[in-house]
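Visitor: I need the structure of the sequence given here:
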Amino acid sequence: MSGPEQELKAGHPPAVKAGGMRITQHKNPKSSSNESKLSEDSDFKIVLLKVSTSPDKTMTISGAPVRGNQDFPTEAVQSFHCKPVPSHEAPHHNPRQNLIHQPRKQ
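Guide: Numbers count the residues shown, from 1 in each chain. This is a model prediction of the structure:
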């Protein structure tokens with residue numbers, strides 16, 4: 001390509017091909033070109049504003065306030081989801097034996 005003036009396809013340089021396959025070139029979003037542009041525009045100052053957030057809104061379900069994990073303790077939820085342990089384990093039989101008849105060689 002000819003120096004800094006590159007041919008752009010859809011706003012970005014064309015893909016690089018090696019061995020008949022396209023190779024993607026991932027670029028870091030914080031490139032040095034952005035930093036150089038910011039240093040050139042020193043007239044503008046970046047001012048960070050702190051946005052105040054309101055306290056959490058209390059949600060009600062059927063008129064009762066929701067208290068998060070206090071309504072459902074961890075132990076209660078775990079015991080609800082645990083499978084019951086069988087007191088007697090039944091033997092597992094194969095419903096059909098795989099028996100292939102192979103006559104003996106004479």
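
Visitor: contacts, neighbours, all on C-alpha from now
Guide: Fine.

Visitor: neighbours of Glu89, just the number please.
Guide: 7 (other C-alpha atoms under 10 Å).

Visitor: Next: Val66.
Guide: Val66, neighbours per other C-alpha under 10 Å, totals 13.

Visitor: That one and Thr60 touch, don't they?
Guide: Yes - using C-alpha atoms under 8 Å, Val66 is in contact with Thr60, at 5.6 Å.

Visitor: how close does the most centrally placed residue in the chain get to Pro65?
Guide: Geometric centre of the chain, nearest residue: His26, 19.2 Å, by C-alpha atoms, centre = their mean. Counting by C-alpha to C-alpha, to the nearest Å, the separation of His26 from Pro65 is 49 Å.

Visitor: One more: Val47?
Guide: Taking C-alpha to C-alpha, one finds Val47 at 40 Å from Pro65.

Visitor: Could you do Ala10 as well?
Guide: From Ala10 over to Pro65 (counting by C-alpha to C-alpha), the distance is 53 Å.

Visitor: ok, now His92?
Guide: In terms of C-alpha to C-alpha, His92 sits 50 Å off from Pro65.

Visitor: So these two - more neighbours on which side?
Guide: Ranked by neighbour count (other C-alpha under 10 Å), His92 and Pro65 place Pro65 first, with 11 against 6.

Visitor: Let me see the contact set for that one.
Guide: For Pro65, the contacting residues are 58-59, by C-alpha atoms under 8 Å, 6 or more residues apart in numbering.
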